[in-house]
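Colleague: here is a sequence together with a model predicted from it:
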Amino acid sequence: MSAPDDLARAVRDEPALLDEAAPRDETAAGAGAEAGDAAREPARPVGLGLTGWLRWAWRTLTSMRTALILLFLFALGSVPGSVYPQRGVDPGRVAQYFKDSPTQAKWLDRFWLFDVFTSPWFAAIYLLLFVSLAGCVFPRALAHFKEIRRRPPAAPRNLLRLPHSEEFEGDLTVDRAAAVLRRRRFRVVTGDGWVAAEKGYLRETGNLLFHIALLVLLFAVGAGGLYGYRGNVLVVEGDGFSNAVAAYDRFMPGSRVTAESLEPFSFTLKDFEASYVAAGAKQGQPLDYLARLEVQDSPESAPRQVDLKVNEPLDVSGTLTYLIGHGYAPTFRVTDGEGQVAYDGPVPCLAGDQATYTSECVIKVPDARPSQLGFLARFLPTTVPNGDAWVSVFPGAANPTVQVFPFAGDLGLRSGRPQSVYQLDTTRLKPLGKMAAQPAPLNVGDTKELADGAGKIQFTGVKEWISLQVTYDPGREPALLAAAAAVIGLVLSLTIRRRRVWVRVKDGRATVGGLTRTEGGGAAFAEEFAQIVTALRGGPPTEDAAPDEPRDDDEPGRPGAPAPGGSAIVAGQAEPDEPPTGTAAPGVRPDEE
Amino acid sequence: MPAPVSQAVNDTLAMVSDQLILVTVLLYLAAMICFALELAFGRVRTAEPARTRELVGAGGPALPAEDPAEDPGEGTAGTVRTPQPAGWAVRAGIAGVVIAWIAWAGNLAGILTRGIAVDRWPWANMYEFVVAICFAAVTAFLALLIRQPIRYLGAFVTVTAALGLGFAVLFLHVQAGPVMPALHSYWIAIHVTAAIVASGLFIVAGVCAILYLIRQDGRPSVLPARETLERVAHRAIVISFPIWTFAVIAGALWADRAWGRYWGWDPKEVWAFVTWVVYAAYLHARATAGWRGKAAMIISLVAFGCLLFNLVGVNIFFSGLHSYADVPK
Ligand code: HEM
């Protein structure tokens, strides 16, 4: 499309206005423009030597197109993280994968597909995206701040060539036209027989805000990972916890976390209650969990009572403690063959089945004499007989019993190999007595005498345990603010349209021309333009005076209907789709060409 | 503080809700038939002569929810090559709108009764969620119809809603009941509602995009021109994209309360993010010369596919923290 000179100037002067339709020079590069140059590839340097290539590489990296591709890769890269089990989330399932298909697992592991979100390639995408966005946004932000103070460019000579234009006779003056446009909150400049007006600067501001917010968000997430930590711990009713690295079952610090960075709070778990649906189709479904804590924010402060629930974490100066799991911890007293009490306390059990909370327990008694004792036990919170067997029918502890399977021998604790507290290594243990699949369950208070005079075990009571996650993430609040800013910026840049209107008056004739971005807004601007023209003519600025109803009709490119009572010239809305060629200013950045 | 947890379920009301949803399916199908009749026997549109016709046809101020171009009187323009549409076809279209509104009310009543029956927000499992999304899609269509002449979309939106509800009733239905402790939070009203509203609009955009690919320019068709379909799709996405963004952020805020971190690449989070990126790619593509039109529309359909995968695929195939879908086994 070949544009007349003055039109080309009008269009070119405001690079962000028509985005891709206009070539841009360096100073005027607006932030709203990034979509436009996404399609354009930086021109490769010819014979520019090393610095030329470096400049080219930097520009390529910081072009919007690259940023978009990186964002896309970022999303694509996260997909395997949803397909394969992740070590950081569920190490058990990863181990299972290795067991089920070892060769495949080995290959997946080579590409970090079980650790996608901590893998070098994911970090590479993340960092490149960060650099690309930063390199792209900051120069544009500077340009935009200059831009904001710029005045609308003077009116082109022939306004009738603009995508929206109208001509009419009347006694319109420059001052009145300026007043009409100012009332519509346009930024207005006047000259000899012309008015130039512009509106919608917030679009670029919103766009910039969005991109900067995205940058801050990436930064906050990264910083939170470095300076924050996460730990898991299991606490049985009656026991306490104090926030120190050694107290955790599992502690995952960021690389900048030291032991001193831990908030020195502590608490005791007074009581835990879980409630369940008692009857009906959803019987056994959990309804509510409540952990009563007595918390001391620091060793000196007075204790306070806190109800910890699933959606209500405990907050101690930004360190949050979450209730994430629970289970039963039946208590046992084990008396050994020499009559000494060798164990007395709770044993946390793991529930295999959430619907009945039938749980598996392991009791290790290394201090028992003459030989060490080990027990496997099955805890049934609500026991009912079922033929020769016993089962649990409800997760609540309505009729708790345990079935105990005793062993004696060597627990293997001295071998130095790490052992899970939830597993009994039976290689050097022998069953005590006849091993039945369904030994008679013990009620609370019952004692089982062990065969061979090895001692006895008493089921003394039922406690519950909770598992907690403690999190400290200094990036939380900045990330939230950034996300909120991103949404605001997004809404501004999606809904506001930058547009320009010019008026020329001469010898009792007025011409009005208007320009906006092509996509989507043609119809809306046509309507606004028609209203402006009506107002300039001096007609009432009412809705029905506007020839073009605010209706999106179902045919494209609908020109405005003839305005009432005027010899209107209706130009088609052939908005420029192609950049006017051959008008590029010197010093055009290759990626914006 | 959340209200004390109630576990009482009003079974009668829950049953009424189930029946209302069944009736709604039938009503959507009836509306779909009416809309389809209008499409089949109504006016045939060609891109070119329509332009001239518009000048004359779009004259006087039109009633809201009424398309001047659909007005049988427009035929007087004389530029229409195709025969006059039968008057009854237009009336079928209007009947379609009326039935669609009744079905909409039935859908709403079905959701409300379920909510009252269980005394909580009625979108805490996949069945309730899909029912609500269908409702949101029809709401989006009917709301847009008040301001814009998009009745031609009616048949496709109502059939989508009917299929969605039918799928929910047949494969996803679970008894009304209380929910997991993790869902006792006011965030369900914020996060899930936003996801539902955005999904409803994305469905309307998806329908437009599919029609866009079916429609061939320059040929007479019962469908409007491609540009029109493209514009409606774009409008729907421009509205829903920020809402989706908000839904994801609200999800992160909730996760910060419930799971101890605001973002942890849980499968649902991954796919919510992927969906977001692909819709963002659509918006950029549409603003980029050379990508406008077909390419951008295809990207929007890819994004829509990600949205559906997040709903169906992630709930059914992957396990994660976000497993509240309560999909019947
Ligand atoms: C960063 C965090 C989160 C993200 C990105 C996220 C994303 C989503 C998305 C995209 C949906 C739409 C439904 C779909 O397509 O299936 C959804 C639905 C839902 N979300 Fe979230 N969510 C997050 C956190 C949470 C949390 C913490 C909870 C509750 C504890 C939650 C509960 C729900 C529920 C109940 C639904 C509706 C029904 C369902 O799919 O089961 N979400 N979420």
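Modeller: That came through fine.
Colleague: so which residues on the stretch 201-329 of chain B come close to the ligand?
Modeller: Within the stretch 201-329 of chain B, the positions adjacent to the ligand are B:248, B:251-252, B:254-255, B:258-259, B:263, B:268-269, B:272, B:310-311, B:315, B:322, B:324-325 by CB under 6 Å from any ligand atom. Backbone N, C-alpha and C define where each C-beta goes, glycine included.
Colleague: now do the domain split for chain B, please.
Modeller: Listed by the TED database, the domain ranges of chain B are B:9-44+B:87-179, B:212-328.
Colleague: lowest-confidence stretch among those?
Modeller: Out of these, domain B:212-328 stands lowest, with a mean of 87 (criterion: mean pLDDT).
Colleague: check which residues of the helix or strand in which A:Phe219 is found are buried.
Modeller: Using DSSP states H and E, A:Phe219 maps to helix A:202-227. For helix A:202-227, the neighbour count (16 or more other CB atoms under 10 Å in any protein chain shown) marks A:202-225, A:227 as buried.
Colleague: and it, how far from the chain's centre?
Modeller: Its chain's C-alpha centre and that of helix A:202-227 lie 12 Å apart, by CA atoms, centre = their mean, to the nearest Å.
Colleague: now stretch B:163-180
Modeller: 18 Å.
Colleague: same question, stretch A:184-199
Modeller: On CA atoms, centre = their mean, the centre of stretch A:184-199 falls 43 Å from that of its chain.
Colleague: now do stretch B:262-273
Modeller: Here stretch B:262-273 is found 23 Å from its chain centre; the criterion is CA atoms, centre = their mean.
Colleague: also stretch A:449-468?
Modeller: Stretch A:449-468 sits 45 Å away from the centroid of its parent chain (CA atoms, centre = their mean).
Colleague: over to stretch A:283-297?
Modeller: For stretch A:283-297, the distance to the chain centre is 28 Å (CA atoms, centre = their mean).
Colleague: report the rounded mean pLDDT for the helix holding A:Phe219.
Modeller: The average pLDDT within helix A:202-227 is 88.
Colleague: by contact count, what packs against that helix?
Modeller: With contacts taken as 3 or more CB pairs under 8 Å, 6 or more residues apart in numbering or on different chains; DSSP states H and E, helix A:202-227 sits against helix A:120-148, helix A:476-495.
Colleague: ok, the shortest one near the ligand or not?
Modeller: Read it as helix A:476-495. No - Helix A:476-495 lies out of reach of the ligand by CB under 6 Å from any ligand atom, never closer than 10.6 Å.
Colleague: just the buried residues of that helix, please?
Modeller: Buried residues in helix A:476-495, counted by 16+ other CB under 10 Å: A:476, A:478-480, A:482-483, A:485-487, A:489-494.
Colleague: same check, this time on stretch A:285-294
Modeller: For stretch A:285-294, using 16+ other CB under 10 Å, the buried residues are A:285-291, A:293.
Colleague: ok, stretch A:347-356 next?
Modeller: Those would be A:347-349, A:351, A:356, for stretch A:347-356 by 16+ other CB under 10 Å.
Colleague: then stretch A:321-332?
Modeller: Applying a neighbour-count criterion of 16+ other CB under 10 Å, one finds A:321-324, A:326-332 buried in stretch A:321-332.
Colleague: can you confirm whether it lies near chain B?
Modeller: Yes - with CB under 8 Å from any CB of the partner chain as the criterion, chain B is reached by stretch A:321-332 at A:322, A:324.
Colleague: just the CA coordinates for that stretch, please, in CSV.
Modeller: Extracted in CSV, the C-alpha atoms of stretch A:321-332 (Å, rounded to 0.1, in the frame of the first residue of the first chain):
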residue,chain,number,x,y,z
THR,A,321,2.9,-23.6,59.3
TYR,A,322,0.3,-25.7,57.4
LEU,A,323,-1.6,-28.7,58.4
ILE,A,324,-1.1,-31.1,55.6
GLY,A,325,-1.8,-34.6,56.9
HIS,A,326,-2.8,-36.7,59.8
GLY,A,327,-2.9,-40.3,61.1
TYR,A,328,-3.0,-42.5,64.1
ALA,A,329,-0.3,-43.1,66.6
PRO,A,330,-1.4,-45.9,69.0
THR,A,331,0.6,-46.1,72.2
PHE,A,332,2.3,-49.3,73.4
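Colleague: so is it next to the ligand?
Modeller: No - remark: stretch A:321-332 sits outside contact range of the ligand, by CB under 6 Å from any ligand atom, the gap being at least 11.3 Å.
Colleague: buried subset of the residues of the stretch 201-329 of chain B next to the ligand?
Modeller: If you count burial by 16+ other CB under 10 Å, the buried members of these come out as B:248, B:251-252, B:254-255, B:258-259, B:263, B:268-269, B:272, B:310-311, B:315, B:322, B:324-325.
Colleague: so which of these are also by chain A?
Modeller: Contacts with chain A within these, as defined by CB under 8 Å from any CB: B:252, B:254, B:258-259, B:263.
Colleague: what sits against A:Phe272?
Modeller: A:237, A:289-292, A:326, A:464-466 (CB atoms under 8 Å, 6 or more residues apart in numbering or on different chains).
Colleague: would you reformat the residues you listed as JSON lines and include secondary structure?
Modeller: Below are these laid out as JSON lines (DSSP: H, G, I helix; E, B strand; the rest coil):
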{"residue": "A:Glu237", "secondary structure": "coil"}
{"residue": "A:Tyr289", "secondary structure": "strand"}
{"residue": "A:Leu290", "secondary structure": "strand"}
{"residue": "A:Ala291", "secondary structure": "strand"}
{"residue": "A:Arg292", "secondary structure": "strand"}
{"residue": "A:His326", "secondary structure": "strand"}
{"residue": "A:Glu464", "secondary structure": "strand"}
{"residue": "A:Trp465", "secondary structure": "strand"}
{"residue": "A:Ile466", "secondary structure": "strand"}
